[in-house]
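A.B. asks: this one's sequence-less:
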């Protein structure tokens, strides 16, 4: 693998600045250019990272088909380079893109893979976020009890919950008590 072209890093940094400003067209253009530039230099990991950032920007710009196309192969790239943290994030992004494309069953599988990786890493914040996505997906699939359980697990996994989180956690236990009693 050759070293990455400095202009690819510049493109990625400019794209991230555009994203943080809320300039989604500039961010998507920049992340796409950065991913292509990294790929040309043989920096597969950085290309996959830029593709994941592009996916997030495209999803926020309501372009799920494009987001799916750019993120599909990235979890495997991270796994092949033994980078489970970024693989977990990539599976989460893949799940989000699949869900936004209406492919809910596949989205659930991607979210589950992400969740498994976050759990193996002890990534409580990532675990909590993915459990929230799973809960939302289950609600859309007409599975309210499963969604409730996933949301409760999300609250339990979230690092250092505040008063609102503790209150919501207690509130979410009520239906379980009602149905079991």
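C.D. replies: All right, it came through fine. Predicted model only: the values in this text are computed from it and were never measured.
A.B. asks: for the record, mean pLDDT for stretch 136-154?
C.D. replies: With pLDDT averaged residue by residue, stretch 136-154 scores 79.
A.B. asks: how far off centre is that stretch?
C.D. replies: The chain centre lies 18 Å from the centre of stretch 136-154; the measure is CA atoms, centre = their mean, to the nearest Å.
A.B. asks: so for it, first residue to last residue, what's the gap.
C.D. replies: 11 Å (CA to CA, to the nearest Å).
A.B. asks: which parts of that stretch are buried?
C.D. replies: 137, 138, 147, 148, 149, 150, 151, 152, 153, 154 (16 or more other CB atoms under 10 Å). Yep, even glycine has a C-beta here, placed from its N, CA and C like the rest.
A.B. asks: how about stretch 21-34?
C.D. replies: Buried-residue list, stretch 21-34, by 16+ other CB under 10 Å: 24, 26, 27, 28, 29, 30, 31, 32, 33, 34.
A.B. asks: ok so, going back, would CSV of the buried residues of stretch 136-154 with distance to residue 50 be doable?
C.D. replies: Shown next, in CSV, are the buried residues of stretch 136-154 (distance: CB to CB, whole Å):
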residue, distance to residue 50
137, 27
138, 31
147, 33
148, 37
149, 36
150, 31
151, 32
152, 36
153, 32
154, 29
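A.B. asks: could you work out the most separated pair of those residues?
C.D. replies: Greatest spatial distance among the buried residues of stretch 136-154 (CB to CB): 137 and 152, at 15.5 Å.
A.B. asks: what is the burial count for residue 13?
C.D. replies: Applying other CB atoms under 10 Å, we find 12 residues neighbouring residue 13.
A.B. asks: for it, helix, strand, or coil?
C.D. replies: helix (DSSP: H, G, I helix; E, B strand; the rest coil).
A.B. asks: mean confidence score for the helix or strand where residue 118 lies?
C.D. replies: Residue 118 belongs to helix 104-121 when assigned by DSSP states H and E. Computed over helix 104-121, the mean pLDDT rounds to 95.
A.B. asks: now the helix or strand following it, how far from the chain's geometric center?
C.D. replies: For helix 104-121, the following helix or strand on the C-terminal side (DSSP H and E) is helix 124-140. Distance, stretch centre to chain centre, for helix 124-140: 10 Å (CA atoms, centre = their mean).
A.B. asks: contacting residues around helix 124-140?
C.D. replies: The contact list for helix 124-140 (CB atoms under 8 Å, 6 or more residues apart in numbering) reads 88-89, 92, 95-96, 99, 104, 107-108, 111-112, 114-115, 118-119, 144, 146-148, 150-151, 153-155, 157-159.
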